[in-house]
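**Student:** Predicted model, plus sequence, below.
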Amino acid sequence: MTLLQHLNSLVTSAFQQSDIPETYPTLISLSQRPEFGDYQVNGAMQAAKALKINPIALAEKVAAYLSKQPTIQSAQACKPGFINIFIEDQWLTEKLNNLYLSSRCGIKKASSPKTIVIDYSHPNIAKEMAVHHLRSTVIGDSIARLLFFLGHNVIRQNHIGDWGTQFGMLIALLESDEYDYIETPKLSDLENFYKAAKKRFDQDTDFAKKASSYVVKLQSNDPYFIKIWKKIVHISMEQNQQIYHRLNISLTAADVYGESAYNDLLPMIIKLLVKKELLTQHNGAKVVFLEHFKNKENEPMGVILQKSDGGYLYSTTDLAALYYRAHNLDATEIIYCVDARQTQHLEQIFSIAALANFIPKDIVLKHYEFGMMLDATGKPFKTRSGKTIKLSDLLDEAELRSTNILAERHSDLEEADRVKVINALAIGAIKYADLSKNRSSNYVFNWDSMLSFEGNTAPYLLYAYTRIQSIFRKSKHITVQDTDKFSLKETIERKMSLILIRFHDVLNKVEKEGKPHLLCSYLYELASHFMSFYESCPILNTNIDPEQQKSRLMLCDITAKTLKIGLDLLGIQTVDRM
RNA sequence: GUGCCCAUAGCUCAAUCGGAUAGAGCAACGGCCUUCUAAGCCGUAGGUUGCAGGUUCGAUUCCUGCUGGGUGCGCCA
C-alpha cells in the first residue's frame, strides 16, 4: 500500500465511524505549510455541506478517530473544517526501511496488468526526423517506460508515415531520366528528391499522372514498386533508429507498424461502415457525417473516408489502426501521443468507431496531446531562415554546448567518462526541458536555461546524483547493515523521508494523468531537498554519531535509487561523476 | 462563420476533484568554500492570477460575457 492509499483507508474508516456515507470522497492532499501537518483531509467540509451539519463538529469527530490510529501522531480539526494529519515517525522509519531494502523503491507491479498500446513518434518516411517529432517521441517514450515499470503489458506502435501519394511522386522521380534509379541513396538525397518531385508534380501534368498511377501500383502490391518503396522505408528507418539510439528512446524496429500495414484492411473498414449505414455518397466520395461537429457553413461535418477516385485517407487508416489494436493486439487501453492540433481529428475517429461499434465499449482511448515548441519570440521553433530544424542538428548542437560547458569547468574526467557526461547532459537537457513542462501547452525552447545547473533542469538532477555517488565512494569503510535503523533528528531529514515515501504515489499520479512533468517536479523537489540536506547534515565528519551517520547514508541510498529510477523513467541516463 | 486551447511575478514555469497566507527557478540585491564536488547552499525583494459579473463558508480552478493570442475545420497526412 502506498502512503496515500494507507491514509485513505484510515480516513475512509474515520468517515464511516462519523456516519459519513461512502459516496463522499476523502479529499486527502499534501499540506502546503508545516503547521498544517504532513497531509490534510478536505472531504469533511464537502460532506458536512451536503449533509447540512456543522463542518467543524464533523471534522473534530473524524480527527478524534484518526488521532487514535497507531500510524498517526496527531490529527487536528481547524477553522471551517480542515483536518491536519501529522504522521508518526516510527511508522515513517519502518516505511523507509522497506524502501531501503527494495531495489524498486518498494514499487510493486500491477496486480492486474493492462494491455496498453501506445502510439508515438510516428516520423515521416523519406524525410529526416525534425524537431516537431521530438515531443511525441520523448513524451511517449517516457509514458511507455513508466507503464512498463508499473507492470503493464506495453505495446509500442510507431505509426510511421510510409504510405500515400508522396511515394508515387518519389518513385516516379527516382526512375526518371535525370536521376536514374539509384541503388543506395542516402536519406538526405531522398529528402532532396522529395522536394524536387513535389515541385515537378505541381508543374508537370504528365509527371503528376505518372505519379498517381504509381500510387495505384504501389497500393495494389506491384512487386517492382514494392521493392523500391521498401528500400526507401529501410533507408529512412535505419537513420531514424540512429536518432532513437542517440536520444535513448526505447523504440525498436519491431515497434514499427506504419500506415502501409493497414493497406489491406481499408476496404473492410469501408464495408463495415456501409453495413452500419454510416457512409453517404457525396460528390463521388464516401463520407461519414457527424452531427456534433460543424463545418464552415455550420452544417454537420463530413469526414471523407474514400475519395472519389477510390483512394483512402488518413482517417481511414486511423480507423483501421484502431480496429487492429483493439482486435489483433487485444488492447485494453490505447494511448495516442499526438499533437494537440489533431484533437478534432481524433475525436472524429473515436466518434466513428463508437457509432460503428468498431471496438469493444470498455476499451479506454486516450489522447495525450501536446503543444508546440516555440522560440524566444513565441513563434514556432525554426532555423533563422525559417526552415525546419533537423533533429540530428539539434542533437549535434546540444552535444557541442555540453562539451563547451564541461570544458569551462575544467573537468578532469577520463576521455570515456567525459563522452558519457557530455551525452547525458546534452540528451538529458533536451528531454528534461520538454518533459518538465505540462505537455498540453506550448513551450519555449531555450538552450541556456535547459543546460543550466540552476533550477528545475536535467544538469541539476544529474549533479545531485553525482554528489551522492561521491559520498558513497568515500564511505566504503562504513558498513551499513540491513538491521540498521533510521533516525530522523533534523527537520530536513524528516522532510526528505516524507518525499521519498511519496514516490509511488507520484508514479501512480503520472500514470493516471499521463503527465511526466509531475514526475519532474517531484524529482526536482527531492533533489533540492537533498542539496539542503547535503549542506546541513554532514556524513563523513569524524565527530558524527555512527548511528546518525548510517541513517544518513541510508537516506542517500534511497535518494540515489529514486533519482535513478525516476530519471530512467524519463529516458535520461545518470553518470557517477561529472 | 464555427470548434478547441491558452492568458499567473520583468522572464520561464508550478499550483492535487473548489481549500487555509498562489509556489519554484532565472534575472536583481545581500551573505556562505582550512569541512562529503560552490556545476552548490542560505536569505531579501518581487502578484488586483487578462477584464467585468455570477455561483459559496471558500475561486487561479466552476458558469456567463468581453479583450488579446494560438490552433483546427470535406477529397494532403
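**Tutor:** Nice, thanks for sending it over. Here the structure is a predicted model, which means the values were calculated and not measured.

**Student:** Now the residue in the stretch 351-500 of chain A that RNA strand B sits nearest to: phi and psi?
**Tutor:** Across the stretch 351-500 of chain A, the shortest distance to RNA strand B (CB to the nearest atom of the strand) belongs to residue A:455, at 2.0 Å. From N, CA and C alone the C-beta is placed, and that goes for glycine too. With angles defined as degrees, to the nearest 10, residue A:455 shows backbone torsions of phi 90, psi -170.

**Student:** Residue A:58 now?
**Tutor:** Dihedral angles (degrees, to the nearest 10) for residue A:58: phi -70, psi -40.

**Student:** Now do it against residue A:553, distance only.
**Tutor:** Separation of residue A:58 from residue A:553 (CB to CB, to the nearest Å) stands at 45 Å.

**Student:** out of the two, which sits in the busier spot?
**Tutor:** Set side by side, residue A:58 and residue A:553 show more neighbours around residue A:58, with 24 against 19, by other CB atoms under 10 Å.

**Student:** That one and residue A:17 touch, don't they?
**Tutor:** No - Residue A:58 lies out of contact with residue A:17 (CB atoms under 8 Å); the separation is 11.3 Å.

**Student:** Spell out which residues of the stretch 151-300 of chain A are next to RNA strand B.
**Tutor:** A:161, A:163-166, A:259, A:282-285, A:287, A:294-299 (CB under 7 Å from any atom of the strand).

**Student:** Repeat the analysis, applying 10 Å as the threshold.
**Tutor:** Taking CB under 10 Å from any atom of the strand as the contact definition, the stretch 151-300 of chain A meets RNA strand B at A:159-167, A:212, A:215, A:258-260, A:280-287, A:289, A:292-300.

**Student:** If I look at residue A:184, what pLDDT would I see?
**Tutor:** pLDDT recorded at residue A:184 is 67.

**Student:** Then the one 5 residues further on?
**Tutor:** In this prediction, residue A:189 carries a pLDDT score of 76.

**Student:** cool, residue A:178 as well?
**Tutor:** Residue A:178 is given a pLDDT of 66.

**Student:** how close does residue A:173 sit to residue A:208?
**Tutor:** Taking CB to CB, one finds residue A:173 at 12 Å from residue A:208.

**Student:** neighbour-wise, which of these two wins?
**Tutor:** Between residue A:173 and residue A:208, residue A:173 has the larger neighbour count (other CB under 10 Å), namely 22 against 16.

**Student:** In chain A, where is pLDDT below threshold?
**Tutor:** Low-confidence segments of chain A (pLDDT under 70): A:177-184.

**Student:** Check what contacts stretch A:229-239 and list those residues.
**Tutor:** Outside stretch A:229-239, the residues that touch it by CB atoms under 8 Å, 6 or more residues apart in numbering are A:123, A:125-129, A:160, A:162, A:167, A:170-171, A:184-187, A:190, A:218, A:253, A:256, A:258, A:260.

**Student:** Which residue ranges of chain A form strands?
**Tutor:** Assigned by DSSP state E, chain A shows strands spanning A:28-30, A:39-41, A:72-78, A:82-87, A:115-119, A:153-157, A:279-282, A:285-294, A:300-306, A:333-336, A:364-367, A:373-374, A:443-444.

**Student:** re earlier: just the buried members of the contacts of stretch A:229-239?
**Tutor:** A:123, A:125-129, A:160, A:162, A:167, A:170-171, A:185, A:187, A:190, A:218, A:256, A:258, A:260 (16 or more other CB atoms under 10 Å).
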